[in-house]
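Asks: From the sequence below, what's the structure:
(2 chains)
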Amino acid sequence: MVRTLAWSVILLAVPTVGAQDTAVGFFEEKIRPVLASRCQACHNDELKTSDLSLASREGALEGGTRGVAVVPGYPEDSLLIAAVEGAGVLQMPPTGPLPDEEVDALRAWIRDGAAWGEAAGEPAAAASLWSLQPVRRVDPPAVKTPERVRNPIDNFVLAKLDEAGLDLSPAADRRTLIRRASLDLTGLLPSPAEVREFVDDKAPNAFGRLVERLLESPHYGERWGRHWLDIARYADTNGYSIDGPRSIWQYRDWVIGALNDNIPFDQFVIEQVAGDLLPNPTRAQLIATGFHRNTMINQEGGIDFEQYRVEAVVDRVRTTGAAFLGLTLACARCHDHKFDPISQREFFQVFAFFNNVDELGGNLEETVGRSRMMEPILEFGGPDILAKRDALNKEIDDLEHEVDALRVTLESDWNERFPPGEITAIERAREIIAIPPDERSSVQDSVLDRVLHTKVDEFKAKIDEIQELRQGLPEIEWTMVMRDLPEPRDSYIHVQGDFTRRGEPVEPGTLRVLPALPQDAPRNRLGLARWLVSDNNPLTPRVTMNRVWQRYFGLGIVETENDFGSQGTSPSHPELLDWLASEFVRRDWNLKDMHRLIVNSATYRQASAYRADAAEIDPSNRLLASQNRIRLEAEVIRDAALSASGLLSPTVGGPSVYPPQPAGAGQFTQVDRKWKADEGKNRFRRGMYTYFIRSAAHPGLVLFDAPIAQESVTRRNRSNTPLQALTLLNDESQTEFARALAKRVRESGEDREERIRYAFEVCLARPPLQAEQERMAEFLGRMADSFETNPEARERTGADSADAAAWAAAARVMINLDEFVTRQ
Amino acid sequence: MNINRTVLRQRTRRQLFQDCGVGVGKLALTSLFVGNSLYSKPSEGARGTHHAPRAKSIIYLFMAGAPSQFELFEPKQELQKLNGQTLPPSMLEGKRFAFMESFVRKPPKLLGTRRKFAQHGESGQWVSECLPHTAQIVDDVTFVRSVHTENFNHAPAKIFMNTGTPFFGRPSMGSWVSYGIGSQAKDMPSFVVLQSGPRGPRGGAMNWTSGFLPTAHQGVPFLSGGAPILNMTSPEGFEAGRQKATVDAILDLNRMNLEKTGDPEIATRISAYEMAHRMQTSGPELIDFSTETQATLDLYGAKPGEKSFANNCLLARRLVERGVRFVQLYHSSWDHHGGPGESLDKDLDEVCLSADQACKALIMDLKQRGMLEDTLVVWGGEFGRTPMGEVRDTVGRNHHIDAFTMWFAGAGTKAGQSIGETDEIGFSPVKDPVHVHDIQATILHLLGIDHTKLTFRFRGRDFRLTDVGGKVIKPLLA
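Replies: Okay, the predicted model is just below:
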């Protein structure tokens, strides 16, 4: 009974279009999508093809040049039906007949009176969407158990639990707490010494001080930076099929540094979206604009450069929607958003902000395009080095021109220089010279050049000189950045999202359902960036706080963290979300402050053990009657094993690295990637520094749900598969980690019991239970026997004694445990 | 719509509850939104079929690079006559091609084929001399000669064929199938990818990604030669008994923690480790061709240990026998532009030789084992090639999206027929055009899935394999 009741509550909480008045519900569910996808691309208020708009009931009733489109109650008299049936001369849509069920739905709808819901974008519809309302700060409510409250967050959570007749779980023990907070804030395990110190700390604010220490760790910026890099779709290659390398790791390091320095979040956003447009931008502010250069670049032959430039601009709009606004803007690329008040025009207004980047586009010659693929870029190195490079390039350029001129001369007097004879190469060249230059194939071009090179000293000298100059070019580090064109590109609505079909021109602009762009704001990315983090934009602080919450509890207060529109879920704790959002803005967008608040709350600090009573009432634990156990992210699984083994190389930042990956991992891409595993320190860097190839990402990352950087990702899946088990069991890196952990454990003491205890302390921050101790001892005994009687196998493990081999096996067990890869 | 989906989700949750085998377990958040536990068992009830299926499994022979229909399947007398003539510019208007700037520089000329065609089988299907083996199975096959697509570059077109959109990162057909109807395989993944030829398919893993669907449904690429799956081999010194003892210790300790915390996610991890271990033990047996008769090996032209399309075809049959739902074979390269290694003569001969016999063998082998009845075999590339020639080193053909040929066999498809026709020079379909979304809709249909109903909500929208299009190719169904 109780369960049924709980479910019906959940059902009601989901916004249900169909549950409204049935006629309007039918319209919203069956008719609006048909009109939007089949008709409104031409028949909208702006284009009014044949003077007909089907964007409103009025328009449909009024009809166009051919007559009234909809006669409520009379499908047979409605031109709309005649057109979609193709019964008369008129056949719509021009792309081909509609499926029968859509025609039937249209007929039924007209027969029943052609009810119409409120149009997307009408003020009434917008007004009802909770997320567009101004952030409303209410006082933390009173609760039944005030003694459990550590800060206002707990008031909001406890109040909801009170209503449901539940309460918070007891606080987690200190061992669980330090492991939890260390993993959440730094992504690394606490050392046994740190655990002991915290457990023994009798001071009243021991946990608070632990949190301060973790927030000051340089690894905090790595941990939270990696979350941001998911959103920024960061990768080390260009994507698509060729997927060649790019250089943008400086942007990754900028994110880590900015978070460690705790720069205010509004500034964090402005510098990434428009750092280049700030007055006298610093080098760091330019690097920050790499955020929107993480779009993919297609290097395939024969492409239309404009098409992929447009895709990159669309990706920037989509990312802006997901990262800051929690709106599915991309839905409005082809037509007005079917559910949220965003028109196609508005989509292209936002598009226009990003349409002026001085990057590759248009109808370019292949060769010209290829040389500028990654621009705009920022180069590093002093002015002297750059000047040297430019001078060398100039010299090379001049020489190449000379070579071109020489080639023309040589071709014209080839027959005088080399009278017809026996030498094949010369005859082959003669044949090629006979072909007009622009009809020669690239192979013919290179054959000719080879002949010139071997037969004409003057030609050879110049070519060799070019080669030499090229080798002298200094290596200059660079990173991809934003830079606008001096003259903005014109922007248009793309009819049905197709960039080759230009609709009306548009100017840069924001969404009308949100506070307007100030009159004096510049109509460029800087204006947009400031608008995103303006005090009266309700979405950015809500979306940001929701996402921070999601990292700590597994789910956001709004479960659909990237959709705060009408199709998203409602917040489980709307007042808490608003309180957090307002507190965030009030504290000048100070992120570390907000981490401090959440992590110090009783809600965060409670135990994660299962509660039967709570599950009855709240099966998905939205009310947070306990913490949630969360499997670690791909990178952090590696980081945890690195810290347990003692192998971790803690260097922050720098070019990406190449840890071992299983043989054959690159076999399935177009280009079989060379992957030479690093030796030395770079072999043991944190997972986030692994060189990320979009089309062939390291299997250890992707198998554990790391996003593949095709587009912005605001929440990762947490899957649990046999292939993950195979990786943790058998991967070369895991074997290395286990061996190092075993060594560490064996050095910790002589006694088996003592060692098992230490292994648990290192990996799980707790001693083993009696049963665990016994099971592990039994396993160790068995393995030692097995390796004793089989020295050949022992040797192949690389261990010098049966005991060492047995411990390597035990260490392998430890880093495969569910608890090891889970934040409890 | 919303209500139904919510109910469905609740039902899934409840089932998980019961399936976990841990009494009343706490539902981990992870299970709630990714349905992890569905990996190892069929997921009927949660999603499942919408009508009686004709196909249990799919073997999709993806001919990467786009084979030329004019050299293989489409004799066009008119094109032979017009060989060397310039294509009227009106036919190019509004069309977009790869390497378009070369067309703009010089209007392309029509190209007749040098290959000889004949009608084959009782059904009299046209196949050229390039594919003498395929010519022998035409009575078991339906040719669709009017397929058209939307993207003229390799990677987006492959992605389109596999995911229904040209955008990278959306779920692939095999993932949708695995997500929709689960797996029958006890010790193999439900979606396996094999590869042969000089290079991997353009777009790489994007062709078999699970996109926003749970990762458990992504295609698992099998490696050629040696262990078929990454990390399938135990570390040195941990063979047989010692690996089992290790896994047992992990399982026991996890069970203790499951008792303590009640988190069903631990139960899922336990079954994942059990299955991983089964995969390790059955893997070597899977790729051990010594259980095949010499006659079977000869039929395919398979040579144990070799990295070849023939071996992959045989492996595909063995995978399907073990219950794998979707096996996709990529074979490269059919990209015959006329450049070095891309000639319509010697290089086309070579790739035909490497593929032709095994295609026939697969159909015959499946048939004689009674497996063709519920196994669908699909053959085709990402687009076709132009009726115009493209001058590079030799004269080849460019990418063409308006019309090309694919073939289908088995699992309730009609055998020995052709669907669709193109105009006299093979430029565009004139009868029964078939869009890529129609092919996807039909494949799902044969598996018992209504392509409009298999959806997943992501970013506020219900996505499906066929996007907003797709209709089942009725004439293809027996």
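Asks: how far away is A:Pro436 from chain B?
Replies: Separation of A:Pro436 from chain B (Cβ to the nearest Cβ, to the nearest Å) stands at 11 Å. To be clear about C-beta, it is placed using only N, CA and C from the backbone, and glycine gets the same treatment.
Asks: Share the number of residues neighbouring that residue, please.
Replies: Neighbour count of A:Pro436, defined by other Cβ atoms under 10 Å in any protein chain shown: 7.
Asks: and it, how far is that from B:Val395?
Replies: In this view, A:Pro436 and B:Val395 are 17 Å apart by Cβ to Cβ, to the nearest Å.
Asks: before we move on, what about A:Leu98?
Replies: 44 Å.
Asks: neighbour-wise, which of these two wins?
Replies: The residue with more neighbours, out of A:Leu98 and B:Val395, is A:Leu98; 21 against 17, by other Cβ under 10 Å.
Asks: Show the contacting residues for the nearest residue to A:Leu511 once chain neighbours are set aside.
Replies: Excluding the flanking residues, the one nearest A:Leu511 by Cβ to Cβ, 6 or more residues apart in numbering or on different chains is A:Glu346, at 5.4 Å. Contact analysis of A:Glu346 by Cβ atoms under 8 Å, 6 or more residues apart in numbering or on different chains lists A:332, A:509-512.
Asks: cool, and A:Leu741?
Replies: Contact analysis of A:Leu741 by Cβ under 8 Å, 6+ apart lists A:641, A:644-646, A:759, A:762-763, A:811, A:814-815.
Asks: what's around residue 475, how many residues?
Replies: Picked chain A for this. What A:Glu475 shows, counting by other Cβ under 10 Å, is a neighbour count of 8.
Asks: Chain B is the one I meant
Replies: Count around B:Pro475 with other Cβ under 10 Å applied: 15.
Asks: do you know how far the nearest residue to it once chain neighbours are set aside is from B:Ile439?
Replies: Distances taken as Cβ to Cβ, 6+ apart place B:Ile419 nearest to B:Pro475, at 5.1 Å, with adjacent residues excluded. According to Cβ to Cβ, B:Ile419 stands 11 Å off from B:Ile439.
Asks: Those two - which one has more neighbours?
Replies: Shown here are B:Ile419 and B:Ile439; by other Cβ under 10 Å, B:Ile439 has more neighbours (25 against 20).
Asks: who's in contact with residue 194?
Replies: Here I'm looking at chain A. A:178, A:182.
Asks: My question was about chain B, not that one.
Replies: Contacts for B:Leu194 (Cβ under 8 Å, 6+ apart) come out as B:221-222, B:224, B:312, B:315-316, B:327-330.
Asks: quick one on the thing from earlier: what sits in contact with each of B:Ile419 and B:Ile439?
Replies: B:144, B:473.
Asks: Let me know the next secondary structure element after the longest helix seen in chain A.
Replies: Longest among the helix segments of chain A by residue count, using DSSP state H, is helix A:383-412. Remark: after helix A:383-412, the chain's next helix or strand is helix A:414-417, criterion DSSP states H and E.
Asks: helices or strands next to that next one in the packing?
Replies: helix A:424-434 (3 or more Cβ pairs under 8 Å, 6 or more residues apart in numbering or on different chains; DSSP states H and E).
Asks: Report the inter-axis angle for the helix or strand that the helix it packs on is followed by versus helix A:424-434.
Replies: Later in the chain than helix A:424-434, the nearest helix or strand by DSSP H and E is helix A:442-455. For helix A:442-455 against helix A:424-434, the angle by axes from the mean of the first three to the mean of the last three Cα atoms, to 10 degrees is 130 degrees.
Asks: Show the average pLDDT along stretch A:680-691.
Replies: Here stretch A:680-691 scores 97 as its mean pLDDT.
Asks: what sits against A:Arg470?
Replies: Neighbours of A:Arg470 in contact, by Cβ under 8 Å, 6+ apart: A:Ile396.
Asks: tell me the pLDDT at A:Ile423?
Replies: With respect to pLDDT, A:Ile423 scores 80.
Asks: Check A:Asp21 too.
Replies: Taking A:Asp21 on its own, its pLDDT is 54.
Asks: Please apply the same query to A:Ser8.
Replies: 33.
Asks: same question, A:Thr721
Replies: At A:Thr721, pLDDT is 85.
Asks: Look at it and say how many residues are nearby.
Replies: 26.
Asks: and what of A:Ile435?
Replies: For A:Ile435, the tally of surrounding residues (other Cβ under 10 Å) stands at 12.
Asks: For the stretch 1-150 of chain B, which segments count as strands?
Replies: B:57-63, B:117-120, B:125-128, B:141-148 (DSSP state E, counting those that start in this stretch).
Asks: what does the stretch 251-400 of chain A give?
Replies: A:377-379.
Asks: tell me which parts of it are close to chain B?
Replies: A:296, A:298, A:300-304, A:322, A:328, A:330-331, A:339-340, A:363, A:365-366 (Cβ under 8 Å from any Cβ of the partner chain).
Asks: one more time with 7 Å
Replies: With Cβ under 7 Å from any Cβ of the partner chain as the criterion, the stretch 251-400 of chain A comes near chain B at residues A:300-304, A:328, A:331, A:339, A:365.
Asks: same question, the stretch 401-550 of chain A
Replies: So the stretch 401-550 of chain A meets chain B at A:441, A:443 (Cβ under 7 Å from any Cβ).
Asks: okay, the closest residue to A:Glu411 other than its chain neighbours: pLDDT?
Replies: Nearest residue to A:Glu411, sequence neighbours excluded (Cβ to Cβ, 6+ apart): A:Ile433, at 4.9 Å. Per-residue pLDDT puts A:Ile433 at 88.
Asks: tally of neighbours for A:Ile433?
Replies: Neighbours around A:Ile433, by other Cβ under 10 Å: 19.
Asks: cool, and A:Val89?
Replies: 8.
Asks: picking up where we left off before, make JSON lines out of the contacts of A:Glu346 and add secondary structure and neighbour count.
Replies: Formatted as JSON lines, these follow (DSSP: H, G, I helix; E, B strand; the rest coil; neighbours: other Cβ atoms under 10 Å in any protein chain shown):
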{"residue": "A:Ala332", "secondary structure": "helix", "neighbour count": "26"}
{"residue": "A:Gly509", "secondary structure": "coil", "neighbour count": "18"}
{"residue": "A:Thr510", "secondary structure": "coil", "neighbour count": "20"}
{"residue": "A:Leu511", "secondary structure": "coil", "neighbour count": "26"}
{"residue": "A:Arg512", "secondary structure": "coil", "neighbour count": "16"}
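Asks: Let me know the closest of those to B:Arg461.
Replies: B:Arg461 lies nearest to A:Ala332 out of these, by Cβ to Cβ, at 11.3 Å.
Asks: surely the closest one meets A:Gln349?
Replies: No - using Cβ atoms under 7 Å, A:Ala332 is not in contact with A:Gln349; the gap is 10.4 Å.
Asks: Okay, and the residue lying closest to B:Ala227 once chain neighbours are set aside sits in which element?
Replies: With Cβ to Cβ, 6+ apart as the criterion, B:Ala227 has its nearest non-adjacent residue at 4.9 Å, and that residue is B:Thr233. Assigned by DSSP H and E, B:Thr233 belongs to neither a helix nor a strand.
Asks: wait, B:Thr233 sits on B:Leu223?
Replies: No - counting by Cβ under 7 Å, B:Thr233 does not reach B:Leu223; the two are 11.0 Å apart.
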